[in-house]
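In: Kindly return the folded structure for what I paste below:
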Amino acid sequence: MTDAEAPHLLAERAAAKLAELTGVERHDVALVLGSGWLPAVEALGEATAEIDTTDLPGFSAAAVAGHSGKIRSVRAGDRNLLVFLSRTHFYEGKGVAAVVHPIRTAAKAGCATIVLTNGCGGLRETWTPGTPVLISDHINLTGRSPIEGAHFVDLTDLYSSRLRAMCREVDPSLDEGVYVQFPGPHYETPAEIGMVRAIGGHLVGMSTTLEAIAAREAGMEVLGISLVTNLAAGISGQPLNHEEVLEAGRAAASRMGELLGKIVPRI
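Out: Numbering: from 1, shown residues only. Modelled structure (predicted):
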């Protein structure tokens, strides 16, 4: 077994254990909920099982406030949803393979589509805290990739144009933008936000891009939705803090739940 094969075999083991613990042989759609999105999960459907992430091989406990170290299996119509109520962030220092392990597990569990959400900073002043924004593309500033070796993966339509069009049918007010991932855990400086603006970014955060790449490698269709929880550094003149991120998420929970509740059944 090569080092490149090991993460995929670990995901197979995790998917098998997931099926055993949830009693669901195959899941259809996966969702990863970012900071502030937790209350929205109630709108998705009936929870048929909930397990600790640490019950599965390769998973670790949640390490960030606003994230719950749980995985929920939800029945929505004729679909089985696999909902990750936390994620491993790159800045936790556990390695890229740990960051994308849930994505690879979801793929091995049968998921053909994944919805990646996050709480982020916004560069447009019209995006007040609590505004959902579709991710149209990303810029990965971590300097890392979950793909190892000479395995070349096309990212041209990484964030599915089909799914974004479907979302705008559900809610025509949805805007979209380019998401930029910094390594974190510190927030960006005003000068770095100026750089983001110069290179074509509209949203800034500390997650999502590595997960999206791993999802594409696994053959999944990707929908990305950011919840703008604050204006990016230097725009409002106010300091940034994580509690602000969580509060904006709580305030927007009903809208996010309603949005996900309408979108997911149509995927």
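In: so who does Ile103 touch?
Out: Neighbouring residues of Ile103 by Cβ atoms under 8 Å, 6 or more residues apart in numbering: 30, 32, 114, 211, 214-215, 218, 220. Where C-beta positions appear, they are placed from N, C-alpha and C, glycine not excepted.
In: So it: helix, strand or coil?
Out: When classified by DSSP: H, G, I helix; E, B strand; the rest coil, Ile103 comes out as helix.
In: roughly how far apart are it and Glu243?
Out: Look at Ile103 and Glu243: by Cβ to Cβ, to the nearest Å, they are 28 Å apart.
In: for Phe59, same thing?
Out: As judged by Cβ to Cβ, Phe59 and Glu243 stand 26 Å apart.
In: if you count what's nearby, which of those two comes out ahead?
Out: Phe59 (24 against 9; other Cβ atoms under 10 Å).
In: Quick one: neighbours of the residue lying closest to that one once chain neighbours are set aside, just the number.
Out: Leaving aside its chain neighbours, Phe59 sits nearest to Thr53 (4.1 Å; criterion: Cβ to Cβ, 6 or more residues apart in numbering). Residues within reach of Thr53, counting by other Cβ under 10 Å, total 23.
In: do the same with Asp52
Out: As a burial measure, Asp52 scores 14 neighbours (other Cβ under 10 Å).
In: quick one: contacts for Phe59?
Out: Listed by Cβ under 8 Å, 6+ apart, the contact partners of Phe59 are 14, 53, 101-102.
In: least trustworthy position among those, going by pLDDT?
Out: pLDDT across the contacts of Phe59 is lowest for Thr53, at 92.
In: give me phi/psi at it?
Out: phi -60, psi -30 (degrees, to the nearest 10).
In: Touching, it and Lys70? I think so.
Out: Yes. Using Cβ atoms under 8 Å, Thr53 is in contact with Lys70, at 6.7 Å.
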